[in-house]
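Undergrad: the following comprises the amino acid sequence and a computationally predicted model.
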Amino acid sequence: MLGGIKNMKIALALGLGLMKVAEALPAFPGLSSSDWTSTGRALYFQTNEDSNAIVSVKIHDNGTLSEGQLTYTNGTGAREISAATNQTASPDGLSSQGSVTVVGNSLFAINSGDNTVSMFAISEDDPTNITLVGAPASVPGDFPVTVAASELNNLVCVGTSGARSGVSCAPYAANVGIGKMDFLRTFDLEQSKTPAGPLDTVSQVLFSADESELIVTVKGDPTSNKTGFVSVFSVTGAWLTEQPRLSASRIDSKLNGTVALFGFQQIPHSSKYFSTDAGFGAVIFSVDAARETSTLLHKQVIADQMATCWAAISPVTKSAFVSDPLVNHIVEMSLDDASIISVVNSTSSNDASGYIDLAAAGAYVYALSPGATEGSGAEVAVLSVSPGKEKSITQSFNVGSWAGTSAQGLAVFP
């Protein structure tokens, strides 16, 4: 495990600093891979600079990318403190997955520097054209890092990692924006206002495929004998008769054997979730909807990893892909038992040390790489995963001055 707890903590802090949030994926059983090869139309990530902005990139029919637009969130970005160096964390200053989320024709992005969340409307004619809807909503917590939205319930929820850490939610409407955020459902992380990470922070919030529950992964800290856990909140209220709300109570399940649960996605048509763990590789866990408890099912060590953090499930390969900010590779893993299927070495196509988020659409997986040095542009790699062909990076698209070493989050429309 990274050659010992001390080395692990340093590697995590340097690499992490530290989904797209998954909608219900297409049905897998009885369908050939060719049935789901249509590409996305646009890709988004945030600059996470002082004046935070969303970079919108056009996706062509062959999966390649070209410039779109830069749209400001009217919020402020920020980066956590590295617990190992006591300096501002770079790259990956949020230690999370899901800082940008697409649900339906709406895009949500957190603003860590001023504790707000922004909402945008996505144009059907040109999805790189997004419009801010209403004013950014104030979050009653410190340092928001991840956001999830339920189109069924018109509910958006934000996870925060700072001194006031936890989850809070608000209703939203497509033409109005985000309403008033409710109370903070707190986690006892003992963090400062700007958290010292990456350990002991919130990793991701994600609605289940049926949108009846919100799942949250929270990292542990072996140096303080803290085990990471999965929290499950139910959605209450009938959506036809009253505004749905997130339950005030939750069930926390410690998954013994895990170290720093990170980005995760639901395995289609199951109650299982595939999650990375920055301490060793990846796991598969299940959620019992009736009891709202979580159970570790499978654990896989990636031998040459440093901090495996982000995950995306491809409907074409029916497998998961994971990335590491400190190792220039993308690893494909089984949804059955998390075993390793393939490894794509990306050293020749990525000037930075690794990738800090992933998203899958059609026969492609997109990987975000921050700028390698201050002043250099962030890049998005296009990994072709077409059936019957060797998996390879077909493009590494640089956004130039639009975004650099602070770039975060990755989401695809539709």
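TA: Structure's in. What do you need?

Undergrad: for the rest of this, base every contact and every neighbour count on C-alpha atoms.
TA: Will do.

Undergrad: assign the residue positioned nearest the centre of the chain to helix, strand or coil.
TA: The centroid of the chain falls nearest to Q97 when counting by Cα atoms, centre = their mean (2.1 Å). Recorded secondary structure, Q97: coil (DSSP: H, G, I helix; E, B strand; the rest coil).

Undergrad: quick one: it from F233, how far?
TA: Distance of Q97 to F233, computed by Cα to Cα, to the nearest Å: 18 Å.

Undergrad: same check, this time on P198
TA: Note on P198: its distance to F233, by Cα to Cα, is 24 Å.

Undergrad: A360 now?
TA: 26 Å.

Undergrad: what of H329?
TA: For H329, the distance to F233 (Cα to Cα) stands at 34 Å.

Undergrad: give the bridge partners for A196, please.
TA: When bridges are called by DSSP bridges, A196 pairs up with I81.

Undergrad: just to revisit the earlier point, so between A360 and F233, which is more surrounded?
TA: In this view A360 and F233 are compared by other Cα atoms under 10 Å, and A360 has more residues nearby, 28 against 21.

Undergrad: distance between the helix or strand hosting T131 and the chain's centre?
TA: According to DSSP states H and E, T131 maps onto strand 130-132. Distance of strand 130-132 from the chain centroid (Cα atoms, centre = their mean, to the nearest Å) equals 21 Å.

Undergrad: list the neighbouring strands of it plus their orientation.
TA: With DSSP bridges as the test, strand 130-132 is paired with strand 116-122 (antiparallel).

Undergrad: any chance you could list what contacts the strand it pairs with?
TA: 73-75, 105-111, 128-139, 144, 158, 174-175, 177-178 (Cα atoms under 8 Å, 6 or more residues apart in numbering).

Undergrad: can I get the buried part of these as one ChimeraX selection?
TA: Filtering these down to the buried ones (16 or more other Cα atoms under 10 Å) takes a single ChimeraX command:
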select :73,74,75,105,106,107,108,109,110,111,128,129,130,131,132,133,134,135,136,137,138,139,144,158,174,177,178
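
Undergrad: restricted to strands, list the contacts of strand 116-122.
TA: Using DSSP state E, the subset of these located in strands is 106-111, 130-132, 137-138, 144, 158, 177-178.

Undergrad: can I get stretch 203-211 in PDB, CA atoms only?
TA: Taking Å, rounded to 0.1, in the frame of the first residue of the first chain, the C-alpha atoms of stretch 203-211 are listed here in PDB:
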ATOM      1  CA  SER A 203     -15.100  12.200  -2.200                       C
ATOM      2  CA  GLN A 204     -18.400  12.100  -4.100                       C
ATOM      3  CA  VAL A 205     -22.100  12.400  -3.900                       C
ATOM      4  CA  LEU A 206     -24.200  10.400  -6.300                       C
ATOM      5  CA  PHE A 207     -27.900   9.600  -6.700                       C
ATOM      6  CA  SER A 208     -28.800   6.000  -7.300                       C
ATOM      7  CA  ALA A 209     -30.100   5.000 -10.700                       C
ATOM      8  CA  ASP A 210     -33.700   5.100  -9.500                       C
ATOM      9  CA  GLU A 211     -33.000   8.400  -7.700                       C
END
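
Undergrad: mind listing what's buried along that stretch?
TA: 203-209, 211.

Undergrad: closest to G40 out of these?
TA: For the buried residues of stretch 203-211, the minimum distance to G40 (Cα to Cα) is 19.5 Å, reached by A209.

Undergrad: that closest one reaches Q265, doesn't it?
TA: No - counting by Cα atoms under 8 Å, A209 sits too far from Q265 to count as a contact (9.7 Å).

Undergrad: pLDDT below threshold where in the stretch 1-150 of the chain?
TA: 1-37 (pLDDT under 70).

Undergrad: mind listing what the closest residue in space to E374 that isn't next to it in sequence touches?
TA: In space, and not counting its chain neighbours, E374 is closest to T405: 6.3 Å by Cα to Cα, 6 or more residues apart in numbering. Going by Cα under 8 Å, 6+ apart, T405 touches 90-91, 370-378.

Undergrad: what count of nearby residues applies to A372?
TA: A372 has 18 nearby residues by other Cα under 10 Å.

Undergrad: show me what contacts it?
TA: A372 is in contact with 351-353, 378, 405, counting by Cα under 8 Å, 6+ apart.

Undergrad: now swap in N105 and tell me
TA: Counted by Cα under 8 Å, 6+ apart, N105 has contacts 121-124, 414.

Undergrad: repeat that with 6 Å
TA: N105 sits next to I122 when contact means Cα atoms under 6 Å, 6 or more residues apart in numbering.

Undergrad: for it, give its distance to Q243.
TA: 20 Å.

Undergrad: and I284, how far from Y273?
TA: Going from I284 to Y273 by Cα to Cα gives 6 Å.

Undergrad: one more: N153?
TA: Separation of N153 from Y273 (Cα to Cα): 22 Å.

Undergrad: now swap in Q87 and tell me
TA: Counting by Cα to Cα, the separation of Q87 from Y273 is 34 Å.

Undergrad: again, but for G159
TA: Distance, G159 to Y273, by Cα to Cα: 19 Å.

Undergrad: in terms of neighbours, single out the busier of those two.
TA: Higher neighbour count among G159 and Y273: G159, with 36 against 21, using other Cα under 10 Å.
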